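> just the structure for this:
(one chain, ligands or ions: 1)
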Amino acid sequence: MKIGEYKIASFISGYFKLDGGIVFGIIPKALWSRTNPADENNRVQLCNRILLLDNGKRRIIVDTGCGDKLSKKLKEIYVIDNSQYNLIGELNKLGYKPEDITDVILTHLHFDHSGGSTYYNSNQQLCPTFPNAVYYVQEKQYQWAITPTERDKASYFKNDFEPLMNSGHMKLISDNYKFDEFIELIALSGHTRGMMMVKIKDDESVLLHTADLVPMETHLSLPAISSVDSFPLMSLYEKKMFLSSAVMENWMIFLCHDPNTECIRVHFDREMFFTKEKLQIV
Ligand SMILES: [Zn+2]
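The predicted model follows:
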């Protein structure tokens, strides 16, 4: 896929599982389990989809997945599965080395979006996975992540992002940010303060990476808002606003956690949003 001067690719960097009640909020299990069957521990399957944008000068990735730093116990809890895919392996398959990446856009700092940003080297020192990249984060999100609340502190691991700040790799930005002629970063505040969506646009097409606003196809249902959202009514407002634009202007919506569906266009009927078309980014 090409938008503007950017060649776009996407890949899965790994799989993990979360409790279905966390993922779908107040939606009854009888409904969400039709599309997302639960395992014996009530967990549903998610993936980490990474977006890669290349215009010949800049090689940008959006989010870095869960990474490889979690303890054995947490890997079991979240059923982290890199048996098929991992971040660096998939980048290599597409012809990129970690040194080639110039920009990393972190939609937010929850571990399942920022975990691959750092790694332990052979001396057990934490290092940026992409040594030549600038990592973009909303300032509000960084402040939230270093002092999380009791309710969401389990989603943040400082090892994923503090070393980037200390090494000067992180660039904090505020509010909506025009990255260049084709890429805009849009700040939201429902899921967590300062989550960013990434909008890639030219005269013909728009691709919107909504981060955790609409992470899976099932989240097209307006009340399907994750229980970890800090401000769920704000998420509802943001979902309505951006899905309405997506319908009116025929945008493509990138689904960063849906293991089955990569990208969709949407339509609106009888007060509800539905998938109009499923797409693959090739
Ligand atoms: Zn999140």
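
> quick one: residues contacting residue 21.
Residue 21 makes contacts with 29, 42, 227, as judged by C-beta atoms under 8 Å, 6 or more residues apart in numbering. From N, CA and C alone the C-beta is placed, and that goes for glycine too.

> now, these that are in helices?
Among the contacts of residue 21, DSSP state H puts residue 29 in helices.

> please pick the buried ones from the contacts of residue 21.
Neighbour-count burial (16 or more other C-beta atoms under 10 Å) applied to those gives no buried members.

> looking at the contacts of residue 21, which one is closest to residue 120?
Proximity to residue 120 was ranked across these by C-beta to C-beta; first place goes to residue 227, at 31.3 Å.

> wait, that closest one sits on residue 25?
Yes - using C-beta atoms under 8 Å, residue 227 is in contact with residue 25, at 5.0 Å.

> okay, and the beta partners of the closest residue to residue 251 other than its chain neighbours?
Closest residue in space to residue 251, ignoring its immediate chain neighbours: residue 206 at 4.2 Å, by C-beta to C-beta, 6 or more residues apart in numbering. Note on residue 206: beta-bridge partners residue 201, judged by DSSP bridges.

> what sits against residue 206?
3, 199, 200, 249, 250, 251, 252.

> is the helix ranked longest in the chain in proximity to the ion?
Ranked by residue count and defined by DSSP H, the top helix of the chain is helix 232-248. No - under the criterion of C-beta under 5 Å from the ion, helix 232-248 makes no contact with the ion; the nearest approach is 10.9 Å.

> and that helix, what does it pack against?
Contacting helix 232-248 under the criterion 3 or more C-beta pairs under 8 Å, 6 or more residues apart in numbering; DSSP states H and E are the following elements: strand 183-188, strand 263-269.

> how about a markdown table for those, with mean pLDDT added?
Listed next are the helices and strands packed on helix 232-248 as a markdown table, based on pLDDT from 0 to 100:
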| stretch | mean pLDDT |
| --- | --- |
| strand 183-188 | 98 |
| strand 263-269 | 97 |
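
> ok, residue 249 - contacts?
residue 206.

> so how far is the ion from it?
Computed as C-beta to the ion, to the nearest Å, the residue 249 to the ion distance reads 26 Å.

> beta partners of residue 254?
residue 209, residue 263.

> please begin residue numbering at 37 from this point
Sure, I'll start numbering at 37, so the last one becomes residue 290.

> residues contacting it?
Residue 290 touches 46, 85, 87, 243, 244, 245, 246, 298, 299, 317, counting by C-beta under 8 Å, 6+ apart.

> returning to what we had before: between the contacts of residue 242, which sits nearest the ion?
residue 235 (18.4 Å; C-beta to the ion).

> the closest one reaches residue 220, doesn't it?
Yes - here residue 235 reaches residue 220: they are 4.6 Å apart, a contact under C-beta under 8 Å.

> compare these two and say which is more crowded by neighbours.
When neighbours are counted by other C-beta atoms under 10 Å, residue 235 and residue 220 differ, and residue 235 comes out ahead with 21 against 18.

> surely the more buried one forms part of a strand?
Yes - counting by DSSP: H, G, I helix; E, B strand; the rest coil, residue 235 is found in a strand.

> in the protein, which residue sits furthest out from the middle?
The C-alpha centroid of the chain is most remote from residue 159, which lies 29.9 Å away (C-alpha atoms, centre = their mean).

> report pLDDT for that one.
On pLDDT, residue 159 comes in at 95.

> next one, pLDDT for the closest residue to residue 197 other than its chain neighbours please.
With sequence-adjacent residues excluded and distances taken as C-beta to C-beta, 6+ apart, residue 197 is closest to residue 145, at 5.1 Å. Note for residue 145: predicted pLDDT of 98.

> burial measure for residue 145, as a count.
Other residues close to residue 145 by other C-beta under 10 Å number 28.

> right, and it touches residue 173 too?
Yes - in this structure, residue 145 is within contact of residue 173 by C-beta under 8 Å, at 6.6 Å.

> need the overlap of contacts for those two.
residue 197.

> if we can go back for a sec, ok, which pair from the contacts of residue 290 is furthest apart?
246 and 317 (14.6 Å).
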